[in-house]
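Trainee: everything below, folded, please.
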Amino acid sequence: PEPKGKGCLFSEYFRVKTKMSSLYKNVKSGANKTAQNVGQSVGLNTGTKGEADWTDYNWPPLIRILHYSLSDVEEGARSIVRKMNISFWLTFFALIIGILSCIVQVADDAAPGINILYGFLNLVLLGAASSFTFYQGYYALATNDDDRKTKYCIYQTLLIVVYLTISIASFGAFNGWTRLGTLSDEGASSFASVLVMIEAGLYTLNYLLAAFTVFQTYKYDGVILGRPGRA
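Mentor: Predicted coordinates for the structure are as follows:
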């Protein structure tokens, strides 16, 4: 066969590029539709109140299946939403530290290797629960939805019990304050103890912050403790 000329090659290149561009648009459209369905399946992204663009999927970071913007919330409730968001990130970082702590303890022969797998499972399960709870609270305050505000208070209270428990107890991949008493006996390094203190400290800070946030959310109705427009 005769070799293709430059004109044919460029023509083939642009034909393939056009097909790839069309494929990308179709995939993107399908992904957005899937994200919208996910949001609707959990009762989110269906509101019409305010001027929020609920189809602007930008949260959680990297995954981006939901919409989040602090500007969607009235000024008096923004400090509450900030605390909700901080609680979510405290959970995320505590879970990451928990995985690192398990890796170090396994390297020190102070914990079984299965704990590393448990750590990743905790990241998925507890991380999902924390993100879902945060978004319930954010969406409730962004749309002034009293029903979802109540749901947030219930879900976050359950997480407070979890955070309190795992900040103290030590089981599986969770390393609460009680873990410090056994690490030295098991020959773990001082770095392992530091990681345990950081993990337990993050969960302790988290349940205290979350409890205060639940109180503020429950009381919030445009007026907090007699101070109009403040949280």
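Trainee: give me the mean pLDDT for stretch 77-92.
Mentor: For stretch 77-92, the mean pLDDT works out to 96.
Trainee: what does stretch 145-157 give?
Mentor: On average, stretch 145-157 scores 94.
Trainee: check which residues of it are buried.
Mentor: Within stretch 145-157, the residues scored as buried using 16 or more other C-beta atoms under 10 Å are 145, 148, 149, 151, 152, 153, 155, 156. Bear in mind the C-beta positions are built from the backbone N, C-alpha and C, glycine included.
Trainee: and for stretch 179-192?
Mentor: Across stretch 179-192, burial judged by 16+ other C-beta under 10 Å covers 179, 180, 183, 188, 192.
Trainee: repeat for stretch 131-148
Mentor: 131-145, 148.
Trainee: next: stretch 199-209.
Mentor: 199, 200, 202, 203, 204, 205, 206, 207, 209.
Trainee: report the two of these separated the most.
Mentor: 199 and 209 (15.8 Å; C-beta to C-beta).
Trainee: show me which residues of stretch 88-106 are buried.
Mentor: 88, 90-92, 94-95, 97-106.
Trainee: where does this protein dip in pLDDT?
Mentor: Scanning the chain for pLDDT under 70 picks out 1-51, 222-231.
Trainee: can you list the residue ranges for strands in it?
Mentor: Remark: strands assigned in the chain by DSSP state E are 170-171, 174-175, 223-224, 227-228.
Trainee: with adjacent residues omitted, what lies nearest to residue 69?
Mentor: The shortest distance from residue 69 to any non-neighbouring residue, by C-beta to C-beta, 6 or more residues apart in numbering, is to residue 52 (6.8 Å).
Trainee: ok, now which ones touch the one you found?
Mentor: 67, 69, 72, 142, 143 (C-beta atoms under 8 Å, 6 or more residues apart in numbering).
Trainee: please apply the same query to residue 207.
Mentor: 160, 163, 164, 167.
Trainee: let me see the contact set for the most centrally placed residue in the chain.
Mentor: Central residue of the chain (C-alpha atoms, centre = their mean): residue 131, 3.6 Å from the mean position. Each residue near residue 131 by C-beta under 8 Å, 6+ apart is listed here: 60, 88.
Trainee: and the gap between it and residue 118?
Mentor: 20 Å (C-beta to C-beta, to the nearest Å).
Trainee: same check, this time on residue 200
Mentor: 17 Å.
Trainee: swap in residue 80?
Mentor: Residue 80 is 33 Å from residue 118, by C-beta to C-beta.
Trainee: repeat for residue 89
Mentor: 22 Å.
Trainee: over to residue 55?
Mentor: 37 Å.
Trainee: same question for residue 92.
Mentor: 17 Å.
Trainee: residue boundaries of the helices in this protein?
Mentor: 6-41, 78-107, 114-143, 146-168, 180-183, 190-219 (DSSP state H).
Trainee: any chance of TSV for those helices, columns distance to residue 62?
Mentor: Converted to TSV, the helices of the chain look like this (distance: least, C-beta to C-beta, whole Å):
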stretch	distance to residue 62
helix 6-41	13
helix 78-107	12
helix 114-143	12
helix 146-168	22
helix 180-183	33
helix 190-219	21
